[in-house]
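Undergrad: quick one, fold the following:
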Amino acid sequence: MRYWILVLVLLITSVSGASAFEFKWPGDKGKAAEAKKAENIYREARAAYGSADYANTIKLSSEAIKLNPELAKAYGLRGKASKDMGDVDGAIKDLDHAIKLDPKLGEAYYTRAQTHEIMGDMKQAGADYKKGCSAGFRDACE
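TA: Below is the predicted model:
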């Protein structure tokens, strides 16, 4: 009987978030490690982008995405590098996905606006600049 009460208490507190400890299912540890590794690789990709090494940016962003397919900013960065390499279709695809994962990712709207400008779609570019600005990305407001 005590066992079932303990199980019930643990279940209720883990669902409500009232517990001081966090329950982890088997395998969660591996996911957390992969997410951390993806974040580190993403940082390397940002550095590569800062050095105008767009091919490496794409490679590293892809590695981060493989480890964590929910890392919206990695899709955004890969889209940005793709745009800078002239792959506007690939850029739009990645930027759309980044925005789908995180609709508040202002930089993705901004980059997608630039990509639409390159494609000659000024109406969509304007809409994306506005969304980027609303999301707090200052460069999109200019």
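Undergrad: which helix runs longest in this protein?
TA: helix 28-50 (DSSP state H).
Undergrad: what mean pLDDT does that one get?
TA: The average pLDDT within helix 28-50 is 91.
Undergrad: neighbouring contacts of it?
TA: Helix 28-50 has contacts (CB atoms under 8 Å, 6 or more residues apart in numbering) with 54, 56-57, 60-61, 63-65, 67-68, 71, 73-74, 77-78, 80-81. Quick note: C-beta positions are derived from backbone N, CA and C, even for glycine.
Undergrad: got the buried residues for the helix or strand encompassing residue 76?
TA: Using DSSP states H and E, the element containing residue 76 is helix 72-84. Residues of helix 72-84 classed as buried: 72-84 (neighbour count, 16 or more other CB atoms under 10 Å).
Undergrad: where does the prediction get shaky in the chain?
TA: Residues of the chain that meet the criterion pLDDT under 70 lie in 1-29.
Undergrad: about what we covered before: tabulate the CA atom coordinates of the longest helix of the chain in CSV.
TA: Provided in CSV are the C-alpha atoms of helix 28-50 (Å, rounded to 0.1, in the frame of the first residue of the first chain):
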residue,chain,number,x,y,z
ASP,A,28,16.5,11.6,-21.5
LYS,A,29,20.1,11.9,-20.4
GLY,A,30,21.3,11.1,-23.9
LYS,A,31,18.9,13.7,-25.4
ALA,A,32,20.1,16.4,-23.1
ALA,A,33,23.7,15.5,-24.0
GLU,A,34,22.9,15.7,-27.7
ALA,A,35,21.1,19.0,-27.3
LYS,A,36,24.2,20.4,-25.5
LYS,A,37,26.5,19.1,-28.2
ALA,A,38,24.2,20.6,-30.8
GLU,A,39,24.4,24.0,-29.1
ASN,A,40,28.2,23.8,-29.0
ILE,A,41,28.3,22.9,-32.7
TYR,A,42,25.9,25.8,-33.4
ARG,A,43,28.3,28.2,-31.7
GLU,A,44,31.1,26.9,-34.0
ALA,A,45,28.8,27.5,-37.0
ARG,A,46,28.2,31.1,-35.8
ALA,A,47,32.0,31.6,-35.6
ALA,A,48,32.4,30.1,-39.1
TYR,A,49,29.7,32.5,-40.4
GLY,A,50,31.5,35.4,-38.8
